[in-house]
Every structure is written in structure tokens, then in C-alpha cells.
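>>> just coords:
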């Protein structure tokens with residue numbers, strides 16, 4: 001299995017697990033900067049990781065990211081709908 005490295009050298013296995021990349025980004029950028037990271041800091045690290053991927057790997061991770069994002073979007077919409085229903089029922 002292939003791996004890529006963060007700017008500080010932490011290895012990330014490219015096994016299709018998007019959460020592993022999120023965890024690495026969190027530790028590499030957010031924790032190391034004591035929660036004082038900027039958009040530019042995170043963007044720089046993400047671009048560093050993406051640059052090490054093949055086109056096929058980038059496509060696979062984009063599909064996974066879009067799937068998870070869509071799932072989150074649907075859950076947020078459902079949550080808002082149920083909150084409105086509850087408010088209407090209580091009101």
C-alpha cells in the first residue's frame with residue numbers, strides 16, 4: 001500500500017480512508033498550532049498532500065469526500081426539518 005507524507009514527515013496510508021487524512025490534517029495543522037491555525041495553513045498542507053497523489057488517488061478521495069459531504073448535508077437538512085416540526089408541535 002502506498003503512502004504520502006505531511007510536511008513534517010508523518011506518513012498517511014492511501015487505503016481509501018478519508019478519515020485518516022482528516023486525522024493527520026488535524027494533528028499536523030490544528031494541534032501543532034495550538035488551535036491557532038489559519039485557512040492558509042490548512043490549505044497549504046492539503047495541497048502538499050494532494051500533490052503527492054496520482055490522478056486516480058485524487059479522484060477516489062474526491063468521490064469519498066463528496067459522498068461524506070452529501071451525507072452530512074442530508075443529515076443537517078433532516079435535523080433542521082425535525083427541529084421545525086418539534087417547534088411547531090410545541091408552539
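Yep, it's here. Everything numeric in this text was worked out from a predicted model, so none of it was measured.
>>> separation between the most centrally placed residue in the chain and residue 77?
The centre of the chain sits closest to residue 22, judged by C-alpha atoms, centre = their mean, with a distance of 4.6 Å. To residue 77, residue 22 is 22 Å away according to C-beta to C-beta, to the nearest Å. Bear in mind the C-beta positions are built from the backbone N, C-alpha and C, glycine included.
>>> cool, and residue 53?
In terms of C-beta to C-beta, residue 53 sits 31 Å off from residue 77.
>>> where's stretch 71-90 relative to the chain centroid, distance-wise?
Put simply, stretch 71-90 sits 24 Å off its chain's centre (C-alpha atoms, centre = their mean, to the nearest Å).
>>> brain fart, stretch 77-91
For stretch 77-91, the distance to the chain centre is 29 Å (C-alpha atoms, centre = their mean).
>>> what do you get for stretch 56-70?
So, by C-alpha atoms, centre = their mean, the centroid of stretch 56-70 is 10 Å from its chain's centroid.
>>> check which residues of that stretch are buried.
For stretch 56-70, burial by neighbour count (16 or more other C-beta atoms under 10 Å) applies to residue 61.
>>> how about stretch 22-29: buried residues?
24-25, 28-29.
>>> what about the residue nearest to the centre of the chain, helix or strand, and which?
helix 18-25 (DSSP states H and E).
>>> the longest helix in the protein is where?
Longest among the helix segments of the chain by residue count, using DSSP state H, is helix 55-90.
>>> before I go, just wanted to say thanks for your time.
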